[in-house]
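Student: Sequence and computational prediction follow.
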2 protein chains.
Amino acid sequence: MIRVNQHYSKLQNSYLFLDIGRRKKAFEDAHPEKTIINLGVGDVTEPLPKACRDALHAAADEMGDRATFRGYGPEQGYPFLREAIAHHDFHSRDADVGPDEIFISDGAKCDSANLQELFAVNTRVAIPDPVYPVYLDTNVMAGRSGGFAEGRYKDIVYLDSTPENGYIPHLPEEPVDLIYLCFPNNPTGAVATTAQLQSWVDYARENCAIILFDAAYEAYIRNPELPHSIYEIEGAREVAIELRSFSKNAGFTGTRCAFTVIPRDLQAWDRDGDKQSVHAMWGRRQSTKFNGVSYPIQRAAAAVYTPEGQAEIRTLTDFYIENARIIRESMRELGFPCTGGDNSPFLWFRTGGDSWAFFDRLLEHAGVVCIPGTGFGTCGEGHIRIGAFNSRENIELAMERTIKALK
Amino acid sequence: MIRVNQHYSKLQNSYLFLDIGRRKKAFEDAHPEKTIINLGVGDVTEPLPKACRDALHAAADEMGDRATFRGYGPEQGYPFLREAIAHHDFHSRDADVGPDEIFISDGAKCDSANLQELFAVNTRVAIPDPVYPVYLDTNVMAGRSGGFAEGRYKDIVYLDSTPENGYIPHLPEEPVDLIYLCFPNNPTGAVATTAQLQSWVDYARENCAIILFDAAYEAYIRNPELPHSIYEIEGAREVAIELRSFSKNAGFTGTRCAFTVIPRDLQAWDRDGDKQSVHAMWGRRQSTKFNGVSYPIQRAAAAVYTPEGQAEIRTLTDFYIENARIIRESMRELGFPCTGGDNSPFLWFRTGGDSWAFFDRLLEHAGVVCIPGTGFGTCGEGHIRIGAFNSRENIELAMERTIKALK
């Protein structure tokens, strides 16, 4: 008799977006004359850069000629893309990452979900709160948690991100093995400084832990003092994996391309206490379970690193950052403390009280949808997330309505 | 201290392609004047159909306009593709599969690797020998095997495919929970009849087992009596998952699109003996760990189902099938018994003796590379695999040389 993976039964059904949808619909039904502006969205809205589309067209043509047709590619990704990444994203910032340490994938979601497979089931996992739910759910599925009670899974070490710590969690008080960090953060928009990241890297080195550093929103950093990559931090090559994506810098959410960096210096320990190369294990995992990213899509991603591509993604991220500035300024008028939006496309407002009550108030009085902070974890109570991914017109109208309604 | 997933250490390093490469290089160094023809390849060689390229171009243009730009798509795949698949691949053959039972992915390799996650670690797994190594390796990584000895992993039930059973394995003598079957088979080219598949479906129903049916080579079936889908078999909706791919019918090995069918009737059991929907579990798995296939690539795949696309993939598969016929006829002249090549792009020759010795003989005397059968499992001894993926010119020259050398 075939039995299911029993750990799936511990997963909590996420009613967040269903619940948002239900409340939105109730408002629409009650006020058919009003238009709703959705600022809850985490998806980009602006077109794919022309450089990327041109590359996609050229690759489609190559696939039509027997001489230039491409079949199975390297599971790790084509060297043309890995070399461009190493040069532009890392060497340019004095971060020591080689092309052979970069693994191209179809999404940072897949990578952040799959990397935990390399480690033992009894790995002690530390996860921020509030958080992107994938880190948590995939560890629950793998059996690294106990049951769920009062908003949290047993056996997971939660790293509280609160107004008191400026949404940058303190080091854990109990020993942990695998630490998920995301800066610029989703949902809080907070960005760790070099000193803060250094303390995490030092902790990981001292405790033989590994950091999964999610840098999917790195392209939004505008403050020149802030690190873009964890490999700008001393010692990080020994303890950190970094995840990047083309989703939010180049609008690839529907085009799908991302990458993970695993330095050759990164080690974990086997049963006998011997060091094992995480790079080699991930290489084995990917070549066994993955066939590489579509060739035309890798060409489109590589176009991000051409001068035209670089100019276009700067324009794109500047556009969303300006949206974020408008939101930030408007909400400041209303007196809500805010993190994010300056080096991140997400803004995290401390509204106080019940975050669903604030959601309802904003919907009812301004016709604006946000995401209640509790959707991201218990520390999200008293907060809402607003995203800068929308047209300028919608952002301006939404803020105008919000100020009018809540002032 | 972070520990590795200890099961990875049981994996055997596959030296198959390294070893083939080494022997090939030694021959090239010794005979710089001779050209080698590689018939070991499992990758397609002919261009991507024009219908697919046109769709890729059109989708790239859509991505350039804010009004038609696509961001995150449904994790399960776009309805336009799932509906085309349900209609053309299943309804047209009276197989009962709905669009909501189809999950679009970036490869049958990923799906065949990931599906095992849904089941308990102590699931008893039955795997054919010879076999596509992914089924085996992914179960080893998940901890469903013991160590490796004499060519086999402990605790895995091997299903022998031999000349005696016509390379269609007998039902297992001990109870098993999860059964991997692949028809048309890689590497043997054998195709199960309706009666043979019915016996497997009946076995699964009687034993509360699940069949993972890999139909990646279905488009090569020419005998109208043979089933293309396991859902043509009575009762299969209760016990079978089917994997399909655009890799070998439409030349998508570098373009990447595939799909998995999980009927809503398919159940597995939880700890309490209650039935759980495998469809729901896979939906949860995919929405947690995957962000869907690239929109332009899904459009390219959907073009396979247009009248132009259908004509082109028929021409493509006919081309490789004709290659296979030439190989089959030539090798028959030499007296080697053969399976495959009539309803499959792979041919499996019973050469007798040591399969590496035959590999060396073919390379040395004809300058032709094949794959020694032992590379696919212990039952592969005394066999070689030849693939039909090559130019007509190369196939004809290789066979000419082979006949001359071995007659």
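Tutor: It's in.
Student: Going along the chain, name the strands of the stretch 1-150 of chain A.
Tutor: Assigned by DSSP state E, counting those that start in this stretch, the stretch 1-150 of chain A shows strands spanning A:37-38, A:102-105, A:125-129, A:148-149.
Student: From the contact counts, what lies against the second one?
Tutor: For strand A:102-105, the packing partners by 3 or more Cβ pairs under 8 Å, 6 or more residues apart in numbering or on different chains; DSSP states H and E come out as helix A:79-85, strand A:258-261, helix A:278-289. Every residue, glycine included, has its C-beta placed from N, CA and C.
Student: one more time with 7 Å, if that's ok
Tutor: helix A:79-85, strand A:258-261 (3 or more Cβ pairs under 7 Å, 6 or more residues apart in numbering or on different chains; DSSP states H and E).
Student: Quick one: closest of these to chain B.
Tutor: Proximity to chain B (Cβ to the nearest Cβ) singles out strand A:258-261 among those, at 9.1 Å.
Student: Establish whether that closest one and chain B are in contact.
Tutor: No. For strand A:258-261 and chain B, the contact criterion (Cβ under 7 Å from any Cβ of the partner chain) is not met; the two come no nearer than 9.1 Å.
Student: Pull up the pairing partners for that strand, direction included.
Tutor: Using DSSP bridges, strand A:258-261 pairs in its sheet with strand A:102-105 (antiparallel), strand A:240-245 (antiparallel).
Student: could you dump the ones you listed to TSV with mean pLDDT and mean neighbour count?
Tutor: Listed next are the strands paired with strand A:258-261 as TSV, based on pLDDT from 0 to 100; neighbours: other Cβ atoms under 10 Å in any protein chain shown:
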stretch	mean pLDDT	mean neighbour count
strand A:102-105	98	24
strand A:240-245	98	26
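Student: Which of those sits closest to B:P187?
Tutor: The minimum distance between B:P187 and the strands paired with strand A:258-261 falls on strand A:102-105, with 28.3 Å, by Cβ to Cβ.
Student: contacts for the closest one?
Tutor: Strand A:102-105 has contacts (Cβ atoms under 7 Å, 6 or more residues apart in numbering or on different chains) with A:76-77, A:81-82, A:85-86, A:111, A:257-262, A:282, A:286, A:293, A:298.
Student: I'd like to know how many residues surround the closest residue to A:E232 other than its chain neighbours.
Tutor: Excluding the flanking residues, the one nearest A:E232 by Cβ to Cβ, 6 or more residues apart in numbering or on different chains is A:A95, at 5.2 Å. Using other Cβ atoms under 10 Å in any protein chain shown, A:A95 has 20 neighbouring residues.
Student: For the stretch 101-250 of chain A, what lies in contact range of chain B?
Tutor: Checking the stretch 101-250 of chain A against chain B by Cβ under 7 Å from any Cβ, the hits are A:106-107, A:109-110, A:113-114, A:117-120, A:123, A:134, A:137-138, A:177-178, A:208-210.
Student: List the residues that contact the residue nearest to A:T194 when sequence neighbours are not counted.
Tutor: Spatially, and ignoring its direct neighbours in sequence, A:T194 is nearest to A:P227 (5.1 Å; Cβ to Cβ, 6+ apart). The contact partners of A:P227, taken as Cβ under 7 Å, 6+ apart, are A:194, A:197, A:233.
Student: Where does A:Y158 fall, secondary structure wise?
Tutor: A:Y158 belongs to strand A:157-160 when assigned by DSSP states H and E.
Student: thinking again about what came up before, B:A366: which of the contacts of A:P227 is nearest?
Tutor: Minimum distance to B:A366 across the contacts of A:P227 is 57.3 Å, recorded for A:I233 (Cβ to Cβ).
Student: I'd guessed that closest one sits against A:S199; true?
Tutor: No. Using Cβ atoms under 7 Å, A:I233 makes no contact with A:S199, being 9.6 Å away.
Student: Contact partners for the residue nearest to A:A142 when sequence neighbours are not counted?
Tutor: Of all residues not flanking A:A142 in the chain, A:Q116 sits nearest, at 5.7 Å (Cβ to Cβ, 6+ apart). Applying Cβ under 7 Å, 6+ apart to A:Q116 gives the contacts A:138-139, A:142.
Student: Which one of these sits in the busiest neighbourhood?
Tutor: That'd be A:N139 among these, by other Cβ under 10 Å, with 24 neighbours.
Student: A:A55 reaches A:I297, doesn't it?
Tutor: No. Between A:A55 and A:I297 there is no contact, the gap being 9.4 Å when judged by Cβ under 7 Å.
Student: When the two are compared, which one has more neighbours?
Tutor: Higher neighbour count among A:A55 and A:I297: A:I297, with 28 against 23, using other Cβ under 10 Å.
Student: Give the next helix or strand downstream of whichever strand or helix holds the more buried one.
Tutor: Following DSSP H and E, the helix or strand that holds A:I297 is helix A:295-302. Next along the chain after helix A:295-302, taking DSSP H and E as the criterion, comes helix A:307-333.
Student: Next, the buried residues of stretch A:360-371.
Tutor: Neighbour counts over stretch A:360-371 (16 or more other Cβ atoms under 10 Å in any protein chain shown) mark A:362-363, A:366-371 as buried.
Student: Tell me how far it lies from the chain's centre.
Tutor: Taking Cα atoms, centre = their mean, to the nearest Å, the mean C-alpha location of stretch A:360-371 is offset from the chain mean by 25 Å.
Student: How about stretch A:9-18?
Tutor: 19 Å.
Student: Check stretch A:9-27 too.
Tutor: On Cα atoms, centre = their mean, the centre of stretch A:9-27 falls 21 Å from that of its chain.
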